[in-house]
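Visitor: need a structure here:
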Amino acid sequence: MKNFVVKTIANAGALAVAVWLLDKITLTGDSTGKKIWTLILVALVFGLVNFLVKPIVKLFSLPLLILTLGLFTLVVNALMLLLTSWLADKLDLSFHVEGFWTAVLGGLIISIVSWALHMALPDGKD
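Guide: Coordinates of the predicted model:
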């Protein structure tokens with residue numbers, strides 16, 4: 001359970017950095033508390049998308065991943081971010097990613113920040 005919480009916090013932090021750096025990734029809310037709550041919910045949706053959908057997409061895109069020496073992962077990450085944005089809209093969460101190239105850059109930022117946060121935060125394994 002502790003590992004799940006740490007991963008969710010890392011995803012929320014990475015999403016917050018992407019929102020802060022990119023104008024076309026937006027998070028709206030009346031107050032800071034509402035924005036934090038929305039970020040946590042979006043991080044949960046993002047984690048669920050990465051857990052359920054991403055492995056299937058990577059399996060079907062394996063030839064492209066091999067052909068591009070893994071660079072197609074940027075496209076897969078962008079698609080997962082766009083799917084998260086779409087699901088957030090359906091769940092009435094105020095998170096939106098505008099455009100594919102913004103999603104590519106956002107996915108790159110989220111991957112780097114998430115990796116760094118996972119290295120800095122405890123993993124819950126004793």
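Visitor: isn't Ser114 right up against Asn11?
Guide: Yes - under the criterion of Cβ atoms under 8 Å, Ser114 makes contact with Asn11 at 6.2 Å. C-beta coordinates here come from the backbone N, C-alpha and C atoms, glycine included.
Visitor: So between the two, which is more surrounded?
Guide: Between Ser114 and Asn11, counting by other Cβ atoms under 10 Å, Asn11 is the more crowded of the two (25 against 22).
Visitor: Low-confidence stretches in the chain?
Guide: Flagging of the chain using pLDDT under 70 yields the residue ranges 123-126.
Visitor: contacting residues for the residue positioned nearest the centre of it?
Guide: Note on the chain: the residue nearest the mean C-alpha position is Phe46, at 5.0 Å, using Cα atoms, centre = their mean. Residues near Phe46 by Cβ atoms under 8 Å, 6 or more residues apart in numbering: 11, 15, 80-81, 84.
Visitor: my read is it is in a helix, agree?
Guide: Yes - applying DSSP: H, G, I helix; E, B strand; the rest coil, one finds Phe46 inside a helix.
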